[in-house]
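Participant: show me the folded form of this:
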Amino acid sequence: MHCIICCQRSTDRSRQRVGVDSDRAYLPLKKVRISRRQRLMRCGTWIVTSEATVAELVQKCGEPASKEVSTADVYAKGPQANQTRKVGVTTTERWTYDRGPQAFRMIATIVDGKLNSIDRAK
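Facilitator: Residues are numbered from 1 along each chain as shown. Predicted coordinates:
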């Protein structure tokens, strides 16, 4: 799936048309390619995808309404078939964005400091 996001210019630079026609979406943004697996989240006039960095997420959407942090040990196979050994720790954060009564809450999952997914809250 491709989404074309561009800006239709008018003679007055302060007025930009926002809308959709049969094959183009006009927003005050640049062209973006979106894969079928990516989730989108609208934050005001911004659109954030799951490929954004955590810094971009905070810049465009602000701080979340709530944060949950969990850690889990990471194991690998040991030298013998029935052995495992601890090789590290992974940190998972679930940030919940409450976007008001007219929109679903969104959950951004951050694993080891990288934005992993954006999903609709259940």
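Participant: doesn't Val54 make contact with Gly113?
Facilitator: Yes. At 6.5 Å, Gly113 and Val54 qualify as touching, with contact defined as Cβ atoms under 8 Å. Quick note: C-beta positions are derived from backbone N, CA and C, even for glycine.
Participant: neighbour count for those two, which is higher?
Facilitator: Relative neighbour count places Val54 above the other of Gly113 and Val54, with 14 against 9, counting by other Cβ atoms under 10 Å.
Participant: now do the same contact list for the more buried one.
Facilitator: Ile110, Gly113, Lys114, Leu115 (Cβ atoms under 8 Å, 6 or more residues apart in numbering).
Participant: hmm, which of the residues you listed are the buried ones?
Facilitator: Among these, those scoring as buried are Ile110, Leu115 (criterion: 16 or more other Cβ atoms under 10 Å).
Participant: farthest pair within the contacts of Val54?
Facilitator: Gly113 and Leu115 (9.0 Å; Cβ to Cβ).
Participant: which residues does Arg94 contact?
Facilitator: Going by Cβ under 8 Å, 6+ apart, Arg94 touches Lys67, Glu68, Ile107, Ala108, Thr109, Ile110.
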